[in-house]
Each structure stands twice: as C-alpha cells, then as structure tokens.
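Asker: Sequence plus the predicted model coming up.
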Amino acid sequence: MLGRMKKISIIYLAVAVMVVFFAGAARKNLYGQTQMPSSRTPLPEECRTLSLEECRSLAVESNKERAIARETSRKADFTARSYKANYLPKISAAGMYLYSNGKMEQTLAGGYLPTFVPGPDGTLQPNVLTGPDGRPVTDNGQAVFKEYAYFPGVPLKFQTEHVFSAMAQVEQPVYMGGKITAAYNLAKLGRELSGLNENLAASDVILQSDQAYWNCVRAKEMMTSVSKYVETVEEFFRNVNNAAEVGMKSKNDVLKVQVQLNRARLDLLRVQNALRLAKMNLCYVTGLPLDSNVDVTDDLEEVSAKELPENYDVADRPEYRMLTARIEQKGEEVKLTRSDFLPNVGIMASYGYMNGLKFNGSKLLDKASFLGVLSVNIPIFHWGEGRNKIRAAKSDQQIIALQREDVRQKMELEIEQAYNAFTEAQMEVSLTEQSLEQARENLSESGDRYETGLETIADHLQAQAQWQKAWADLIEARADLRLSRTRYLKAIGQL
C-alpha cells in the first residue's frame, strides 16, 4: 500500500513539474519574447557599411536623371562643335555613272539650198535672177535663184551607253549677316545650360541621398530606443507578475502592464519594418540591389549654426545661372533674327570631268572644266517683317529677365526659410534634450515612489511612456536638424 502511494506521489510530482515547465515556457513565449521578425526575406550575410559621402557618390553616379542630364550636356557640346565648323570651307566630291543602251536616230532631209553672193556693202545678198526692170524673177511668188546648192541629207545618231562624271566642290560663306556667329554662340550657351542642369540634377540627387541616409540613421537609433523601452516594460511586467503570483498585486495590475507591453512590442515591430524599408530606400537611392544588407556609420550628433556658411550669393545657384544663360541666349536669337534680313555673300568653286555621249560614233564629252560662283543676296523690302521679328525676340529676352528677378526674390525667401528651419531645429534639439533628461529623472523618481507604494502602476507606466516618447522626439529632432542643414546648403547653391 505504501509502495503504491509512493508511486502515485512520484507520478503527481512529475506531472506537476511538467505543468510548471510548459506553463513557464508558454509564459516566456507569450510575455518574454522581444525579438520580432524583421523581414520577410533573409538578408545577405555580408553587410556593407556606408558613410554619408559614399552614399552621395553612389547616388550621383547611379541616378538616371543625372545620367540623362550628363548625356544632354555631351549632346550640347557636340552641337557647339558642329556649329563651329560653319566658319570653315565645306569640301565635297560627287561622282556619277550612267549606262543606257538607248539610241536616238534622226536624218536631216537633203535638197536644194539657195545661194548668196556678196553685195556692194559687203553683206551677203540672195543670188536671185532679175528681169530687165531689175526686179527679182519669181515663180508662184517665190524668188528664183541663179544657182542652187545641193544638200544630200545627214543621218544623226546619238548613243548614251557609258557616261560618267566626277566633281570636287568648295563652298565658303563670306558674310552671312552674323548668322554663323550667333548660331555658334547659341550652341555654346546651350552647352553651358546643359552643364548647369547637370549640376542642378546632382544637387537634387544629393538631397535625396541625405534624406534616405538620415532616415536610415533615424530608424536605426529609434530601433535602439524602442528596444530599450521594451526591455524596461518587460522587466516591469516580470516584477508585477511575480508579485501577483504571491498575492501582492492584483490581476488588473498585471493586465495594465500587459497592455503597455503589447503596445511596446507593436512599436518595436513597426520600427523594425521602418528600418528595413529605410535601408531598402537607401539602396534604391544609391543604386544598390534592394535586398543588399547595408548599415550606416554616422549618428545624430548635433550640428551647430557655426557650420553654416555665412557668405552666399543667390547667383551661385544653378537655377539663377540657368536663367542668366537663357537671357544671353535670347540676345543671340535677336542677332540670329536680324541676320535673316541682312545681305548674304558666299563663294563656290568646283572642278569636274565628264565623259560620254556619242554622236555618230564620236564622243561629245571628254574633258575637265572649272566653275566659280559668287552669290550675293540682299533683302530690300519685306513690309516690316524683319523689324517686328526682332522686336518679338527682344520681348522674349525681357520676359526672361523679369522671370529671373522674380526667381531671385523667391530664392532669397527660400534661403531665409531654410535658415529659420535650421535654427528652429536647433532649438527643438535643445528642448528635446532637456525633456529627455527631465523624463529620465521623472522615471527614476516614479520608480522610487512606486517601490515605496506612493505611486500607482498607471502613473509609473505613464512615466515610462513619457521617457520613451522624449527619447523618440530627440531622435526626430536631431534627424530634422541634419536634413535642415542639407536643405540650407542647397538653398544657397553650395550643395
């Protein structure tokens, strides 16, 4: 009997141990898990660490818009070179070969032809018969000649067969009313505009790169903040739960902490997703594969106002310089329009050889020849067309000048706004640092009061939440400070 009871006791004890073990494991799985899945797809093992300058360089090199701007700049350079060639003579050569078995045969009919004799004044006079009265003798109204020449008739035969020619030609404009110079200057200004557009695209890319980089740093530090907060709430939950198991805390207190812990874990999952997306966005901006495992080297240390350039000029911005170049372009267009109504002078010389065409078995063409041409075109009267076109071109130039002045004022306003945003971000960093320090002290005092029973669980949970929020606000403020500095540098044209 005693042996049987001993066996039953051992069984009960084993069952109790198993229940406790599985209950503890379930509790740990339910309440103690802090590491959440960070990605649906595993990242590569190798991690590439990037600095801010490396991200900028990669982004500029891989950006498609900047690549388009760079190719446009190359195109403008080639266009300028092509217009420069208009100053030089144009030399060309041409050749032609023709074969045809076509023939043309025609016979000039023969017959009697009248004759002529020299007259008293030395000119040829018809050799006609005259009567006693000295008048010409006629037959049916036609004069009768003393003598006739017999023309037996000639057969005519043309053959094409092999015909070929070769020619070299030189053309040189002498005076085109300034058209060539104006066109070349327009092409050079187009090349300058393309270069400025490339710089503008590069500054936009750098701004995008900085935004992606600091968003990644922000998410990384937010991950540290939320993870620390989850650890704090988990530790507090374990303490409250242990106290509830021995009857020192109520089930309601455990549930309050559990709700706070669930929120913290949800925030952790969101931050993990945000960090994963921030890294993917950084890879996209820098041209790396989206699934690349990357990390950043910088942190969110404060940037002082002394690091901002004090001297700047709105004219340094690519947008302003582009408008200036466009004004110069319009000036060249005025000259180009005026050239259409000025005299044009040009010369052309050619030397060629032609062989072919047979006439009655003999070649008609078998020699070289030289040809020289001087061309002069002088517009005289076009009913005011030229004057009105020139006025329209000058109006376009004035419009661009007014637009530049308007853009200048907007740029100055943008610079002031960017500077104010930077100083406000500095103030926000300073205030959030104070708030975080106060939240730490409040959390410490709240913990002491809670341990002594002078503060409720709800108040202590609120103190923990305020501490985590103050930390998150400081991270946001420091990231905004970094980005506001980049925006200011772009506004003054020094990015």
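Answerer: That came in fine, so what should we check first? Keep in mind that this is a model prediction, so the values were computed, not measured.
Asker: Per-residue confidence, the residue sitting furthest away from the middle of the chain, what does it come out as?
Answerer: Here the chain reaches farthest from its C-alpha mean at Pro132, the gap being 105.8 Å by CA atoms, centre = their mean. Pro132 is assigned a predicted lDDT (pLDDT) of 81.
Asker: How about Lys279?
Answerer: 94.
Asker: can you start the count at 699 instead of 1 from here on
Answerer: In the new count, where the first residue is 699, that last one comes out as Lys977.
Asker: Which residues are in contact with it?
Answerer: Residues near Lys977 by CB atoms under 8 Å, 6 or more residues apart in numbering: 914, 990-992. The way it works is simple: take the backbone N, C-alpha and C, and place the C-beta from them, glycine included.
Asker: how close does it get to Lys801?
Answerer: According to CB to CB, to the nearest Å, Lys977 and Lys801 sit 85 Å apart.
Asker: quick revisit: show me how to select, in PyMOL, the buried members of the contacts of Lys977.
Answerer: In PyMOL syntax, the buried subset of the contacts of Lys977 is picked out as below (16 or more other CB atoms under 10 Å):
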select buried, resi 914+990+991+992
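Asker: Only alpha carbons, please: show the biggest strand by length in the chain as PDB.
Answerer: In terms of residue count, the longest strand belonging to the chain (DSSP state E) is strand 852-873. Written as PDB, here are the backbone C-alpha positions of strand 852-873 (Å, rounded to 0.1, in the frame of the first residue of the first chain):
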ATOM      1  CA  VAL A 852      22.700  63.900-142.900                       C
ATOM      2  CA  PRO A 853      21.800  60.900-140.700                       C
ATOM      3  CA  LEU A 854      22.000  61.800-136.900                       C
ATOM      4  CA  LYS A 855      22.700  59.100-134.400                       C
ATOM      5  CA  PHE A 856      23.000  59.700-130.600                       C
ATOM      6  CA  GLN A 857      24.200  56.900-128.200                       C
ATOM      7  CA  THR A 858      24.300  57.100-124.400                       C
ATOM      8  CA  GLU A 859      26.000  53.900-123.400                       C
ATOM      9  CA  HIS A 860      28.700  54.700-120.700                       C
ATOM     10  CA  VAL A 861      28.500  58.200-119.200                       C
ATOM     11  CA  PHE A 862      30.400  59.100-116.100                       C
ATOM     12  CA  SER A 863      31.500  62.300-114.300                       C
ATOM     13  CA  ALA A 864      33.400  63.400-111.200                       C
ATOM     14  CA  MET A 865      33.500  66.700-109.400                       C
ATOM     15  CA  ALA A 866      35.100  68.400-106.400                       C
ATOM     16  CA  GLN A 867      33.400  71.400-104.900                       C
ATOM     17  CA  VAL A 868      34.400  74.000-102.300                       C
ATOM     18  CA  GLU A 869      31.900  76.300-100.600                       C
ATOM     19  CA  GLN A 870      32.800  79.200 -98.300                       C
ATOM     20  CA  PRO A 871      30.400  81.700 -96.700                       C
ATOM     21  CA  VAL A 872      31.900  85.200 -96.700                       C
ATOM     22  CA  TYR A 873      29.300  87.300 -94.900                       C
END
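Asker: Pairing partners for it, with directions?
Answerer: Within its sheet, strand 852-873 is paired with strand 788-806 (antiparallel), strand 1042-1057 (antiparallel), according to DSSP bridges.
Asker: Next, the buried residues of the helix or strand following the longest one.
Answerer: On the C-terminal side of strand 788-806, the closest following helix or strand by DSSP states H and E is strand 809-812. Of the residues in strand 809-812, none is buried under the neighbour-count criterion (16+ other CB under 10 Å).
Asker: now for the strands paired with strand 852-873, which one comes closest to Lys954?
Answerer: Nearest to Lys954, of all the strands paired with strand 852-873, is strand 788-806, at 91.0 Å by CB to CB.
Asker: where along the stretch 699-848 of the chain do the strands fall?
Answerer: Assigned by DSSP state E, counting those that start in this stretch, the strands in the stretch 699-848 of the chain fall at 746-748, 788-806, 809-812, 814-816, 822-824, 836-837, 840-841, 846-849.
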